[in-house]
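J.: fold the following, please.
(chains A and B)
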2 protein chains.
Amino acid sequence: MNSIKKNRLYDEFADLWPLVSAPEDYKIEAAYWRDALHAKLGPGKHEFLELGVGGGNNLSHLTGDFQATAVDISEKMLAVSRALNPNVTHHVGDMRNIRLNRKFKAVIIHDSISYMTSEEDLLATFNTAKAHLEKDGVLLVAPDWYIETFNGPEVSHNVRKNSNIELTFIEYLHDPDPSDSTIEGVFFYLMKDGKNLRIEQDLHIFGLFTLQTWTNLLNKAGFRVEKWPHPVHSDQKRAYLLVGILENSKNT
Amino acid sequence: MNSIKKNRLYDEFADLWPLVSAPEDYKIEAAYWRDALHAKLGPGKHEFLELGVGGGNNLSHLTGDFQATAVDISEKMLAVSRALNPNVTHHVGDMRNIRLNRKFKAVIIHDSISYMTSEEDLLATFNTAKAHLEKDGVLLVAPDWYIETFNGPEVSHNVRKNSNIELTFIEYLHDPDPSDSTIEGVFFYLMKDGKNLRIEQDLHIFGLFTLQTWTNLLNKAGFRVEKWPHPVHSDQKRAYLLVGILENSKNT
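T.: Just a heads-up that it's a prediction; the model follows:
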């Protein structure tokens, strides 16, 4: 599969993002994030930091209730998020090592955490979260899949058009080697412009760990973990939102 | 789209057919063909001819009740059908012009009729059917789509494995030019062999006509037409089995 270029969605195809995925796709899901944040932080327009914000679709449903700051490694995706979330401060950065030298009530990381492919990367990310959290702060993370919930191959698609093109986006996820901590996603972009159809492929590598590994690493970074149901897949049983509560004894 | 090779499924990928499509996929549908044949021909193990039999999946559900002869243009697909339907006589031939110099109670043509992309081809095929029908014989045809029922793009997929590979087959159908009588299908084969994933594309051109055009051409060839519901798509309203009854006055 090395002949397919990687992560094109976040660079040359970033302009396609609003056709790949739309804010309304995240409406139901975002309500779970909002509820978890309110449950843990209480009422008020709390400040949170989103790492790996991508195109900002999930975030767009939370900016009314919270004051957000956002980080992403892709400048092109930040441009998409900025357009959607003009009141949010955006920074370019890597979730494994960015340090804004500010603290927040919460740090949230949506499915972009799936791009962490080793335990070291996950732990570094959790430490980034901890470095940006106030006492009693919470970390919310939601990988798309755990070893217990991934049963590939998975295929999904959607069709969306703007004034220029109609994009059919197809995603194929599979696990080439169940003995390692990664799975592979192949994305197909079928871009239809009038009579012309252009087809492109894109390769993405995602981390895949057991729920226990997630819990262990969050504990190691100083978080107590709660596992909340999270309907990210059409089968609502197959995902969890992990809520990490910073343990004061370890944080102080 | 000319850079994609055409009709690879029926040649270099014919061996994949049992993974693309399986006899059980046709079980419900074949019951409609059986019912239509029995309704028109009455009881008995009647002889029919299937044109464009392909891999013979639909046929496999009918060989118990009928005595079949089958034709296909692809020798490789005939080999697949022969393995599945050992008691059927198979001939290589083009549905537009083959002449077996035999007559049958019925001629059936499943979705392979979709490869007829002009009115001339359709009419030639109906005349082939007529040339092989006894007096009062019936022709059953079922294109996948009519102009009235196609609302592209359509995407479908399935995943199936044998002892060697796991195939994810994805089909994308769209209409590059609504002013002509064709639509385009792009097939993706994702062939997984252990850790290795091979991805191939294949282009197919299908005819797309109004229901009225089908009826007119069947009439022109000497058939009175009945339109039967035919659940070939997941939305059961979107297809019809066309039953052509040979009009004696025109046949004799």
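
J.: which stretches of chain A have low pLDDT?
T.: A:1-2, A:235-237, A:249-252 (pLDDT under 70).

J.: switch the cut-off to 90
T.: Counting by pLDDT under 90, chain A contains low-confidence residues at A:1-4, A:151-152, A:229-239, A:247-252.

J.: where along it do the strands fall?
T.: Secondary structure of chain A (DSSP state E): strands at A:47-51, A:67-72, A:89-92, A:104-109, A:133-141, A:154-161, A:166-174, A:182-193, A:196-207, A:223-229, A:240-246.

J.: now render those strands as JSON lines, adding distance to A:Arg34 and mean neighbour count.
T.: Every residue, glycine included, has its C-beta placed from N, CA and C. Converted to JSON lines, those look like this (distance: least, CB to CB, whole Å; neighbours: other CB atoms under 10 Å in any protein chain shown):
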{"stretch": "strand A:47-51", "distance to A:Arg34": "11", "mean neighbour count": "25"}
{"stretch": "strand A:67-72", "distance to A:Arg34": "12", "mean neighbour count": "22"}
{"stretch": "strand A:89-92", "distance to A:Arg34": "20", "mean neighbour count": "15"}
{"stretch": "strand A:104-109", "distance to A:Arg34": "10", "mean neighbour count": "25"}
{"stretch": "strand A:133-141", "distance to A:Arg34": "10", "mean neighbour count": "21"}
{"stretch": "strand A:154-161", "distance to A:Arg34": "24", "mean neighbour count": "16"}
{"stretch": "strand A:166-174", "distance to A:Arg34": "26", "mean neighbour count": "21"}
{"stretch": "strand A:182-193", "distance to A:Arg34": "28", "mean neighbour count": "20"}
{"stretch": "strand A:196-207", "distance to A:Arg34": "25", "mean neighbour count": "17"}
{"stretch": "strand A:223-229", "distance to A:Arg34": "12", "mean neighbour count": "16"}
{"stretch": "strand A:240-246", "distance to A:Arg34": "11", "mean neighbour count": "22"}
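
J.: turn these into TSV, columns for distance to B:Phe187.
T.: Listed next are the strands of chain A as TSV, based on distance: least, CB to CB, whole Å:
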stretch	distance to B:Phe187
strand A:47-51	39
strand A:67-72	36
strand A:89-92	40
strand A:104-109	37
strand A:133-141	38
strand A:154-161	14
strand A:166-174	12
strand A:182-193	12
strand A:196-207	12
strand A:223-229	38
strand A:240-246	36
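
J.: distance check, A:His179 against chain B.
T.: Not His; residue A:179 is Ser. 10 Å (CB to the nearest CB, to the nearest Å).

J.: typo on my end, it should be A:Val225
T.: 32 Å.

J.: that residue touches A:Leu241, doesn't it?
T.: No: judged on CB atoms under 8 Å, A:Val225 makes no contact with A:Leu241 at a distance of 10.8 Å.

J.: and the longest helix seen in chain A, how far out from the chain's middle?
T.: Ranked by number of residues, the top helix in chain A under DSSP state H is helix A:27-41. Between the centre of helix A:27-41 and the centre of its chain there are 15 Å (CA atoms, centre = their mean, to the nearest Å).

J.: would you mark the buried spots in that helix?
T.: Using 16 or more other CB atoms under 10 Å in any protein chain shown as the test for burial, helix A:27-41 gives A:29-30, A:32-33, A:36-37, A:40-41.

J.: for A:Glu50, see how far away the closest residue to A:Gly56 other than its chain neighbours is.
T.: Closest residue in space to A:Gly56, ignoring its immediate chain neighbours: A:Ser81 at 3.0 Å, by CB to CB, 6 or more residues apart in numbering or on different chains. To A:Glu50, A:Ser81 is 9 Å away according to CB to CB, to the nearest Å.
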